[in-house]
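[1] below is the sequence, then the predicted model.
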There are 2 protein chains.
Amino acid sequence: MTSRPLTRPAQPPSAPIVIVVDDDASLRDALSSLFRSIGLEVALFASAAELLAAKLPDAPRCLVLDIRLPGVSGLDFQAQLARSDIELPIIFMTGHGDIPMSVRAMKAGAVDFLTKPFRDQDMLDAVSAAIEIDRGRRAERASSSKLRALYDTLTERERQIMALVTSGLMNKQVAAEVGLSEITVKIHRGNVMRKMEAHSLADLVRMAEALGLSAKS
Amino acid sequence: MTSRPLTRPAQPPSAPIVIVVDDDASLRDALSSLFRSIGLEVALFASAAELLAAKLPDAPRCLVLDIRLPGVSGLDFQAQLARSDIELPIIFMTGHGDIPMSVRAMKAGAVDFLTKPFRDQDMLDAVSAAIEIDRGRRAERASSSKLRALYDTLTERERQIMALVTSGLMNKQVAAEVGLSEITVKIHRGNVMRKMEAHSLADLVRMAEALGLSAKS
DNA sequence: CGCGCGGGCATACCTTGGTATAGGCGGCTA
DNA sequence: TAGCCGCCTATACCAAGGTATGCCCGCGCG
């Protein structure tokens, strides 16, 4: 709930990036040229730590990850990313994996799990799907964080009135609920509409829905 | 959009059922006693066809399925169920599966994919999770089909007004949009509220949202 | 044919929503 | 201390929502 600046300097929509983490240099190179051949940007790393240290442009992306890594395992790294709430679609590669490993990865949200050697087309299909997923998630995050920012400008009272109004109560009922006069509720309600940039009650209801609000009586 | 009777005879909430499809009779029996030991109902079948022919009570359920089946494969059966829009959480078992097989199953929505021999506890955990998933889906289906039924009682005009009103337009704007007088819009709007059993505009907006309505201008 | 039903419109009347103007109170901070 | 902000309230006024009564039209159906 900290109020960070939410307007980043407008950047040209960057091309999708495939992040490859594998300790085998020759495989990295092969994947790099494979992805570049269809116009994707590529970022190569030999270990998870290197990736975490790197700064990557803000574009749709996905991670192509070997299960066996120097240091942590791919599955552990996946869990680590999830804990740091970094949402990044992952495609696993493995030379000596087993079924429980693949199931665990998929249950944790991996997009795909390829066994080496894999066909180029399979990898490209997986990466395309992953990039699409990330694109969708980014769009959702962008709109929902804008909504959050607006909601954060509301005072405590205004939030309270917003919850009650969007739950379907009339002004007089809201007033009775919180022990205010109806006119005061109207004022707050007007402030809420203005601050949330809602053009109608229907708008506001949808916003409340997206924010997960509910009137706890 | 056919108007089927939507009120089924009220049945007592039945206990969860585990459906087991495996051609190995001894495994079926073992699983049966395992599941019964924690109070779950069990339905046993030797093949997919037998399951399809059977009538099962309307209760939370899941399917425990061997990948290798007489006739169709488990994966094909999974796809077949999906096509017949039968939503049924599936737990696969396999003795000789491979990774691509497990990945395909998980991508198609399987809850788990266990390799034989598995530990009893792993199977029980998977089944519990699957039953929970089915319980949630059933609740969602029930409420959304009730909503559908109400929506189906609306006339064409009423549906049109509902979409426009819940998109945030005022009565006069709706009237201009569809070429009616404002008073007529009010009448339809009132009919919509009554037929949809909405107690407030906020309610109606949420219903429209759940129904996926949008005002196509 | 009469009837019901979906659809449309008008007048009248009341409730609810929304805003402007104006005032008071308490707390925080330059 | 003055000023700002959140908060609360009141009067007044107008727009929008909602319902009732009454009347009209066209269509399908027993």
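    In hand now; what should we look at? Residues are numbered from 1 along each chain as shown, chains lettered A, B, ... in the order given.
[2] just checking, what packs against the one helix or strand A:F113 maps to?
    Using DSSP states H and E, A:F113 maps to strand A:112-115. Counting contacts by 3 or more C-beta pairs under 8 Å, 6 or more residues apart in numbering or on different chains; DSSP states H and E, strand A:112-115 is packed against strand A:90-94, helix A:99-107, helix A:120-152, helix B:99-107. (C-beta placed from N, C-alpha, C; glycine too.)
[3] relative to that strand, what are the paired strands and their orientations?
    With DSSP bridges as the test, strand A:112-115 is paired with strand A:90-94 (parallel).
[4] so what touches the partner strand?
    Strand A:90-94 has contacts (C-beta atoms under 8 Å, 6 or more residues apart in numbering or on different chains) with A:22, A:62-68, A:74, A:78, A:81, A:101-102, A:105, A:109-116, A:118, A:123, A:126-127, A:130, B:99.
[5] list the contacts of A:M162.
    A:154, A:189, A:192, A:196, A:204, A:208, A:213.
[6] which among the residues you listed gets closest to DNA strand C?
    A:R189 (4.9 Å; C-beta to the nearest atom of the strand).
[7] is that closest one in contact with A:V165, as I believe?
    Yes: counting by C-beta atoms under 8 Å, A:R189 touches A:V165, with 5.8 Å between them.
[8] determine the residues that are contacts of both of those two.
    A:171, A:174.
[9] just want to know which of these two has more residues nearby.
    A:V165 (25 against 19; other C-beta atoms under 10 Å in any protein chain shown).
[10] next, the angle helix A:120-152 makes with the helix or strand containing that one.
    Per DSSP H and E: A:V165 is located in helix A:156-166. On the basis of axes from the mean of the first three to the mean of the last three C-alpha atoms, to 10 degrees, helix A:156-166 is oriented at 110 degrees to helix A:120-152.
[11] how many neighbours does the nearest residue to A:S181 once chain neighbours are set aside have?
    Nearest residue to A:S181 in three dimensions, chain neighbours excluded: A:A175, at 5.9 Å (C-beta to C-beta, 6 or more residues apart in numbering or on different chains). The number of residues packed around A:A175, counting by other C-beta under 10 Å, is 19.
[12] ok, the one 3 residues further on next?
    Counted with other C-beta under 10 Å, residues neighbouring A:V178 total 14.
[13] relative to A:N191, how far out is the residue of chain A most remote from its centre?
    Going by C-alpha atoms, centre = their mean, the residue of chain A most distant from its centre is A:S181, 41.7 Å out. When distance is defined by C-beta to C-beta, to the nearest Å, A:S181 is 16 Å away from A:N191.
[14] same check, this time on A:D23
    57 Å.
[15] same drill for these two, tell me which one is more crowded.
    Shown here are A:D23 and A:N191; by other C-beta under 10 Å, A:N191 has more neighbours (17 against 14).
[16] ok, A:L31 touching A:V42?
    Yes: in terms of C-beta under 8 Å, A:L31 counts as a neighbour of A:V42; the distance is 7.5 Å.
[17] around DNA strand D, pick out the residues from chain A.
    A:155-158, A:180-181, A:183-184, A:187-188 (C-beta under 7 Å from any atom of the strand).
[18] same thing but at 10 Å, please
    A:153-161, A:170, A:175, A:178-188, A:191, A:195, A:200-202 (C-beta under 10 Å from any atom of the strand).
[19] just the buried members of the residues you listed?
    A:154, A:157-161, A:175, A:180, A:185, A:188, A:191, A:195, A:200-202 (16 or more other C-beta atoms under 10 Å in any protein chain shown).
[20] ok, the closest residue to A:T184 other than its chain neighbours to A:G190 distance?
    Distance criterion C-beta to C-beta, 6+ apart; nearest residue to A:T184, sequence neighbours excluded, is A:A175 at 7.2 Å. In this structure, A:A175 and A:G190 are 14 Å apart, going by C-beta to C-beta.
[21] likewise A:E140?
    From A:E140 to A:G190 the distance is 29 Å (C-beta to C-beta).
[22] try A:L65
    Applying C-beta to C-beta to A:L65 and A:G190 gives a distance of 51 Å.
[23] check contacts around the residue nearest to A:S181.
    Applying C-beta under 8 Å, 6+ apart, the residues near A:A175 are A:181-182, A:184-185.
[24] per-residue confidence at it?
    Model confidence at A:A175, expressed as pLDDT, equals 93.
[25] so it sits in a helix?
    Yes: under DSSP: H, G, I helix; E, B strand; the rest coil, A:A175 sits within a helix.
[26] can I see the domain layout of chain A?
    Domains of chain A are assigned by automatic domain parsing as A:17-143, A:153-211.
[27] need those in TSV with distance to B:L51, can you?
    Formatted as TSV, these follow (distance: least, C-beta to C-beta, whole Å):
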stretch	distance to B:L51
domain A:17-143	24
domain A:153-211	39
